[in-house]
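[1] whatever this is, show me its structure:
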Amino acid sequence: MAKSSLSLPRIIVQDMWSHKWLLLLSFVVFANAVAVVYTSYVSRQLTTKWDQQLQQRDKLDIEWRNLLLEEQSLADSSRITRIATKELDMTRPLPSEEVVVKIP
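    A predicted model of the protein is given here:
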């Protein structure tokens, strides 16, 4: 039978102190578990950010393609001619009305 002067908490501390390597190993395992949880958390955040960046890239790519199409349609010479004729009442000058300017 154990001495009555030793309390249970004191016995537990003495037993843990006598097994220092076990205590150290337990601490390392706990620290490793915390590191795994933290790494998973950061990985999920980065994956979410990556997905958002991919969506943003796709939106910008679509917008870029639309702008290219718009540029091509605005640069179309038949469209320009049609707008100049209908909206601005412009006509092509006759050859007799053309003036050639020579720069010395």
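
[2] where does pLDDT dip in this structure?
    For the chain, the stretches with pLDDT under 70 are 1-5.

[3] so which residue is dead centre in it?
    By C-alpha atoms, centre = their mean, the chain has its centre lying nearest to residue 53, at 2.5 Å.

[4] from residue 46, how far off is it?
    Note on residue 53: its distance to residue 46, by C-beta to C-beta, to the nearest Å, is 10 Å. Just so you know, the C-beta spots here come from the backbone N, C-alpha and C atoms, and that holds for glycine as well.

[5] could you point out the longest helix in this protein?
    helix 20-74 (DSSP state H).

[6] gap between that one and the chain center?
    Relative to the chain's own centre, helix 20-74 is displaced by 8 Å; criterion: C-alpha atoms, centre = their mean, to the nearest Å.

[7] please identify the buried residues of stretch 80-93?
    Judged by neighbour count (16 or more other C-beta atoms under 10 Å), stretch 80-93 contains no buried residues.

[8] would you mind writing the CA trace of it as PDB?
    Output of stretch 80-93 as PDB, limited to C-alpha atoms (Å, rounded to 0.1, in the frame of the first residue of the first chain):
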ATOM      1  CA  ILE A  80     -17.600  52.800 -91.700                       C
ATOM      2  CA  THR A  81     -18.700  53.600 -95.200                       C
ATOM      3  CA  ARG A  82     -22.300  52.900 -94.300                       C
ATOM      4  CA  ILE A  83     -22.200  55.200 -91.300                       C
ATOM      5  CA  ALA A  84     -20.500  57.900 -93.200                       C
ATOM      6  CA  THR A  85     -23.000  57.800 -96.000                       C
ATOM      7  CA  LYS A  86     -26.200  57.400 -93.900                       C
ATOM      8  CA  GLU A  87     -25.500  59.400 -90.800                       C
ATOM      9  CA  LEU A  88     -23.100  62.100 -92.000                       C
ATOM     10  CA  ASP A  89     -24.300  62.400 -95.600                       C
ATOM     11  CA  MET A  90     -20.800  62.000 -96.900                       C
ATOM     12  CA  THR A  91     -20.100  61.000-100.500                       C
ATOM     13  CA  ARG A  92     -17.000  60.100-102.400                       C
ATOM     14  CA  PRO A  93     -15.600  63.100-104.300                       C
END
